[in-house]
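Colleague: Quick check, what structure comes out for this input:
(chains A and B, ligands or ions: 2)
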Amino acid sequence: MLLQVQGINTYYGLSHVLFDVSLEVDRGEVVVLLGRNGAGKTTTMRSIMGLTAPKEGKVLFNGRDVTGLVPYKVARLGMGFVPEDRRIFPDLTVAANLDVGHKETSGKPKQWTVERVYEFFPRLKELSKRRGGYLSGGEQQMLTIARTLMGDPDLLLLDEPSEGLAPIIVKVLGEFIDVMKKEGMTILLSEQNVKFSLKHSDRAYIVDNGHIKYQGTISDLEKDEEIKKRYLAV
Amino acid sequence: MTKEYLLFMLINGLSEGMLLFIIASGLSLVFGVLRVINFAHGSLYMIGAFVAYSLSTLLTTGSLMSFLVLLLVVPPVIAVLGFFLEVTLFRRVYREEHLLQLLLTYALVLILDDVVRVIWGGDPRNVARPELLAGSVDILGLALPTYNVFILGVGPVVAIGLWLLLYRTRSGNIIRAAVSYPDTLGALGVNVSWVMTATFMLGCWLAGLGGVLVASLASIDLGIGMQKIIECFAVVVIGGLGSVGGALLGSLIIGTGITFFQLPFGRWALIFPYLMMAVVLIVRPWGLFGRPER
Ligand SMILES: Nc1ncnc2c1ncn2[C@@H]1O[C@H](COP(=O)(O)OP(=O)(O)OP(=O)(O)O)[C@@H](O)[C@H]1O
Ligand SMILES: [Mg+2]
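Modeller: Residues are numbered from 1 along each chain as shown, chains lettered A, B, ... in the order given. Ligands and ions are numbered 1, 2, ... in the order given. Below you'll find the model as predicted:
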C-alpha cells in the first residue's frame, strides 16, 4: 500500500470534523473520495498532507508514519497536494509558478521537467510569461496540477479538480487523469461530480459528515442506486 | 536663491532618499513575507552604525580598505543578529494578533536602544570618510560632497540587486510566493520557516548597510534609530507596504522633501513625513504602489 489512513480524527479548533476515517490507496490506483459539500473531503486531504494534523489515528505513506509531520517534509517524501482553490501565486508568471513547484528529490532522477509539463499542457507554454493572477479558472487548474507535478510526486492528492470548470475542460482533465494512470501515477481524487469520477477511477470511498460510509469498486458503486441516492444526491 | 544652490539641495535630498530607501526596503520586504511590522528595524540600523564605528576604531582611519571592510562585515553582523531575533522571538508571533506583534517589536526597540546606550553611551560619534570619498566632485560646475554622490550611486545598485534577486532567481520566486500563500508553498516542499528567517536576515542586512553608510554621512547618536523608523513608516505608507518599487519612490519623496522643507521651515521640516503620510492615507490608503488588502 502506498497510502494508509488509519482511523484519523481531525478537528478545526473545537469542532470535530473527521471521525475514524480510514482509507487505502495502492500503487498505480486512482481512488476517488466522493461526498457532498462539507462532507470532509478537503479535511481528509489536508490531514494526509499534514496541513491540518489529525489528533488521533495514523497516516502511513510508503509504510512510513507521517502523522504530524510538517507539510514540506511530507511533500519531500513524495506526496503532491493540489488544493481545490488552486492557490496560484498571483504575482508570479506561469513559468515562475512551475519553478517554485520544482523541489529537490534526493538523488532520484527527475521525471517531470518544465518541457514535459508543457508537452502535457501546451496551453501553459503559450501562457508561460503571463502572471498567475490573470489566468482563467481552467488555466489555473492546469497550472496548479502542473506545479505539483514539478515536484515529482509518487502520490497525487487532487482536491475537487473539476469544480467550477466548463464541461470541455473537465473532459481534458479526465483525459489527463487517464494518461497519468497509464504512466503509473497513483492518484487520490476528491470529487462531487459523480459521473466524472466514476469514469476515471478504480475504486471509491464515500464520506459523509466526516464518516466513511461506503467503500468499493466503481462497478459495484455504479449498480448501487440506494447508496448513490442517499449520499451523493444523484 | 540660485539655481546652483537648488541643484545642490536636490543632490543632498536624493542621497538622503537613497539612504532611506536602503533601510526602508528592508522593512518593507520583511513585512511582505512575515506580515510583521518590525518597529525595531530602526534600532537594528542604529546598531549597524555603532558597530561600524567600533570596528572603524580598530582599522586605519580614512583608508578605502577600512571602508570596504566595514561594508563587507557590518551588514552580515546585523543579519546574524537578525537570525537570532527571528528564531527566538519573531517566529513565535507570526500567527498572533497584530497587537501582540506590535508589543513585541516595540519592547525590542526599548531593549535594543538601552543596549546601545550601555555599550556606546550617549555621545555622538562618526566614522571618518575614506579619503577617496572625503572631498568634493565637480558636477555641472558645482562642488558636491563626493560621499553624498557615492550614496546616490549605491541606492540604485541596491535597488537593481534587490530587483534581480526578487524577479530573476528561484529564491526570489519563492519569497514572492511566500507573500501570497505560505501554506501552499510549504505543501510544495519548501521549508517556509527558513524562507522567513532568510528574508528577515536580508532585511537586517539592509538595515546594517544603511548603518555603515550613515556613520560616515552624519554624526550618529541614540536618536537616529527612532528618527529613521518614523521616516521608514512614512515611506512604506506612501509607497505601499511590501513593494520595493514603492519604497524607492517613497524614499526619494521623503528624502528630498525633508531637505527642501528645511530651507523655509528649518527644524519644522521634520513634520514633512507625517504630512505626506496623512495626504497619502486620505487619497490612497493602500499607498502609491500597494494594492488594497482583500
Ligand atoms: N478552517 C475551518 N474551520 C472550521 N471548520 C471548518 C474549516 N474548514 C472546514 N470546516 C468544516 O469542516 C467540515 C468539512 O469541510 P471540508 O472542507 O473538509 O468539506 P469538503 O467535503 O471538502 O466540502 P466541499 O465540497 O465544499 O469542498 C465542514 O462542516 C466545514 O464547515
Ligand atoms: Mg473541499
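
Colleague: Only C-alpha atoms from now on, for both contacts and neighbour counts.
Modeller: Fine.

Colleague: roughly how far apart are the residue in the stretch 151-294 of chain B positioned nearest to ligand 1 and chain A?
Modeller: Proximity to ligand 1, evaluated over the stretch 151-294 of chain B using C-alpha to the nearest ligand atom, is greatest for B:D183 at 13.0 Å. Separation of B:D183 from chain A (C-alpha to the nearest C-alpha, to the nearest Å): 8 Å.

Colleague: Ok, B:R170 next?
Modeller: On the measure of C-alpha to the nearest C-alpha, B:R170 and chain A end up 7 Å apart.

Colleague: Also B:I175?
Modeller: As for B:I175, its distance to chain A is 10 Å (criterion: C-alpha to the nearest C-alpha).

Colleague: Kindly indicate whether that residue is helix, strand or coil.
Modeller: Classification of B:I175 by DSSP: H, G, I helix; E, B strand; the rest coil places it in helix.

Colleague: I'd say it and B:W194 touch.
Modeller: No - the pair B:I175 / B:W194 is not scored as a contact, 10.6 Å apart, by C-alpha atoms under 8 Å.

Colleague: which residues touch the host helix or strand of B:L68?
Modeller: Using DSSP states H and E, B:L68 sits in helix B:64-88. With C-alpha atoms under 8 Å, 6 or more residues apart in numbering or on different chains as the test, helix B:64-88 has contacts from B:44, B:47-48, B:51-52, B:55-56, B:59-60, B:129-132, B:197-198, B:200-209, B:212.

Colleague: Could you give me the buried positions within the helix or strand where B:I238 lies?
Modeller: Assigned by DSSP H and E, B:I238 belongs to helix B:224-239. With burial defined by 16 or more other C-alpha atoms under 10 Å in any protein chain shown, the residues of helix B:224-239 counted as buried are B:224-226, B:228-229, B:231-239.

Colleague: what do you get for stretch A:77-86?
Modeller: Going by neighbour count (16+ other C-alpha under 10 Å), the buried part of stretch A:77-86 is A:L77, A:G78, A:M79, A:G80, A:F81, A:V82, A:P83, A:E84, A:R86.

Colleague: and it, anywhere near ligand 1?
Modeller: No - using C-alpha under 6 Å from any ligand atom, we find that stretch A:77-86 stays clear of ligand 1, coming within 7.2 Å at best.

Colleague: any chance you could read off phi and psi for A:L189?
Modeller: phi -110, psi 140 (degrees, to the nearest 10).

Colleague: Give me the distance between the residue lying closest to B:V154 once chain neighbours are set aside and ligand 1.
Modeller: Spatial nearest neighbour of B:V154, excluding adjacent residues (C-alpha to C-alpha, 6 or more residues apart in numbering or on different chains): B:M18 at 7.6 Å. B:M18 sits 44 Å away from ligand 1, going by C-alpha to the nearest ligand atom, to the nearest Å.

Colleague: show me where chain B has strands.
Modeller: In chain B, the strands defined using DSSP state E lie at B:136-139, B:142-145.

Colleague: Relative to the last one, what are the paired strands and their orientations?
Modeller: For strand B:142-145, sheet partners with direction are given as strand B:136-139 (antiparallel), following DSSP bridges.

Colleague: Pull out the buried positions in the strand it pairs with.
Modeller: Neighbour-count burial for strand B:136-139, counted by 16+ other C-alpha under 10 Å, picks out B:V137.
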